[in-house]
Each structure stands twice: as structure tokens, then as C-alpha cells.
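1. sequence below, structure please.
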Amino acid sequence: MAKNPSPSSPTAAFDRDFGYLLPFLDKVAAAASELQDAAAREELTRLMAEEKVRWQRIQALLGGAGGQGAAPTSTQASGRSGAPSLARASADGVHRVAPTAAGLTVGSLKTNR
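-> As a prediction, this is how the structure comes out:
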């Protein structure tokens, strides 16, 4: 019989998902070492390390860890406000290098008949 997670432990609702996600991130990071392109290998290794840290922090926050508050954004470094520099740099790289790599669709998905 399935056991419902305790409402006092929000992370319990996601334990199974984290049980799959974190090992998956490790497998992708391990696969990075097999890439022939050194730049791609380095980038994928870096991305996976950053992603794993993010998901571990999410898991900790769901488990009751205290929040650190919003980090102030620097408008001097990039000339932009809003997104933190790490997220902004990642997004800019996707759009500059391969605008369609993100798999985003603009416009309606419905066909007009």
C-alpha cells in the first residue's frame, strides 16, 4: 500500500523524484568525460555541476532549510537588471549560439482552419 507523504515534510512528496534526478545528473556528468570536443566536455561538466548544486539546494529548501533571500542583481557588470548574472549568461549563450536549441515555440500551437 502506498504511503502518503506527511504534510509537515514537503520534501517527502519529491523524494522519489530526487532519487531519480540526482543519479541522472551524475550519469550525464560522467558522460561528459567521453565527449571528443574539449570545449563541449568542459561546458557540459560545468553545467551539470551547477545544475546538481541547484537541485540539492532545492531539496534542502523543501526539507526546511532557511532561505538566503534574493541576491541583489548587479546592473553595473552587465548593464541589465532582472535575472541573476549566471542565469542571464546561460540564457544569452543559448540565444546567441543556437537560438533554436532551447526548443521554444512562439505563437499558437493550434492550427487555424
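
2. counting contacts, what elements does the longest helix out of those in the chain pack onto?
-> Looking across the chain with DSSP state H, the single longest helix is helix 38-62. For helix 38-62, the contact count by 3 or more Cβ pairs under 8 Å, 6 or more residues apart in numbering; DSSP states H and E identifies helix 15-32 as packing neighbours. To be clear about C-beta, it is placed using only N, CA and C from the backbone, and glycine gets the same treatment.

3. extract the C-alpha trace of the helix it packs on and format it as CSV.
-> C-alpha atoms of helix 15-32 as CSV (Å, rounded to 0.1, in the frame of the first residue of the first chain):
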residue,chain,number,x,y,z
ASP,A,15,11.9,12.0,-2.5
ARG,A,16,11.2,9.6,-5.3
ASP,A,17,11.8,12.2,-8.0
PHE,A,18,15.1,13.4,-6.4
GLY,A,19,16.0,9.7,-6.1
TYR,A,20,15.9,9.6,-9.9
LEU,A,21,17.0,13.1,-10.7
LEU,A,22,20.3,13.3,-8.8
PRO,A,23,21.7,10.0,-10.1
PHE,A,24,20.6,11.0,-13.6
LEU,A,25,22.6,14.3,-13.3
ASP,A,26,25.6,12.2,-12.2
LYS,A,27,25.3,10.0,-15.3
VAL,A,28,25.1,12.9,-17.6
ALA,A,29,28.2,14.4,-15.9
ALA,A,30,30.0,11.1,-16.3
ALA,A,31,29.1,11.0,-20.0
ALA,A,32,30.6,14.5,-20.4
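
4. other residues contacting that helix?
-> For helix 15-32, contacts defined as Cβ atoms under 8 Å, 6 or more residues apart in numbering pick out 5, 11, 41, 44-45, 48-49, 51-52, 55-56, 59.

5. tell me what angle the longest helix of the chain forms with helix 15-32.
-> Angle, helix 38-62 to helix 15-32, by axes from the mean of the first three to the mean of the last three Cα atoms, to 10 degrees: 160 degrees.
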